[in-house]
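In: I would like the atomic coordinates for the input below:
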Amino acid sequence: MDVEPVVKIEDLTFSYNGVPILENVNLTIEARDFVSLIGPNGGGKTTLLNLMLGLLHPDRGTLRVFGRSPSRARRRIGYVPQHFQFDPKFPIGVMDVALMGRFGGWQFGPFGRSQRRAAKDALAEVEMETVADRPFADLSGGQRQRVLIARALAVQPELLLLDEPTSNVDFAVQEELFDLLKRLNERLTLVLVTHDVGFVTTQVSRVVCVNRQVVVHPTSDVSGELICGLYGRDVKMVRHDRRIGEEGEDG
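Out: Below you'll find the model as predicted:
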């Protein structure tokens, strides 16, 4: 029996206030794929994620997630947004943030034992269970990002969508987060929006270039010429698989 793709997009077009954002998009994502969406700001990357989430609807064409409409597949999708707005003075704890992932349908009263267990397991998977009782505002940027990933994992998803998860952390923390995502990919399908082209070339299985239209490449095809053509300018590529020693040589 044929296995249904995780995401299947055919001839999709989407516009906002009459302005075309995506045109004639065709894309298939299979189970355990690790796909990166790259492209210039305004090219349609986040819009494509929102369409997969069912937050937006195409003007034309079809989009199926696990063979269903995105809204009907939502319980099988985890999402890490680019920005998480919160008042640092509000006393929300790490466990509270992780438990947000368990909201669904109509939620009344306290969380049950199974919901708290799911949130605790998600925190353990991102190595943040030891700070479960701490205020979220006290964490570093990298720790907060891990907790937000745990919130998405608390849904117990099969597909994880991440929008620029390393945009506000330093290089060392980025590498740690990339290692975490690679481990998660052993059991989950991942779709990641990133501007870190160097990460793309060393970690993901396929690259989806998004600039109103969509072109799919294996990572082996990602070259300076391709990136320059996509962004319309030179983009610095950082090699995450190589380290520079004190003498300036690769070490």
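
In: in the stretch 51-200 of the chain, which ranges drop under the pLDDT threshold?
Out: Scanning the stretch 51-200 of the chain for pLDDT under 70 picks out 104-110, 196-200.

In: 80 - rerun?
Out: For the stretch 51-200 of the chain, residues meeting the criterion pLDDT under 80 lie at 83-90, 103-111, 167-168, 171, 195-200.

In: the helices in it, which residues?
Out: 94-99, 113-125, 141-153, 171-184, 197-203 (DSSP state H, counting those that start in this stretch).

In: Tell me which residue is most central in this structure.
Out: Closest to where the C-alpha atoms of the chain average out (CA atoms, centre = their mean) is residue 162, at 1.3 Å.

In: Please name the nearest non-neighbouring residue to that residue.
Out: For residue 162, ignoring the flanking residues on the chain, the nearest one in space by CB to CB, 6 or more residues apart in numbering is residue 80 at 4.4 Å. The C-beta positions use only the backbone N, C-alpha and C, and glycine is treated the same way.

In: that older thread, isn't the residue nearest to the centre of the chain right up against residue 189?
Out: No - the criterion here is CB atoms under 8 Å, and residue 162 misses it with residue 189 at 11.6 Å.

In: and the residue nearest to residue 65 when sequence neighbours are not counted, what does it touch?
Out: Leaving out its chain neighbours, the residue that sits closest to residue 65 by CB to CB, 6+ apart is residue 73, at 4.0 Å. Contacts for residue 73 (CB atoms under 8 Å, 6 or more residues apart in numbering) come out as 54, 65, 66.

In: Next, work out how far apart the last one and residue 72 are.
Out: Residue 66 sits at a distance of 9 Å from residue 72 (criterion: CB to CB, to the nearest Å).
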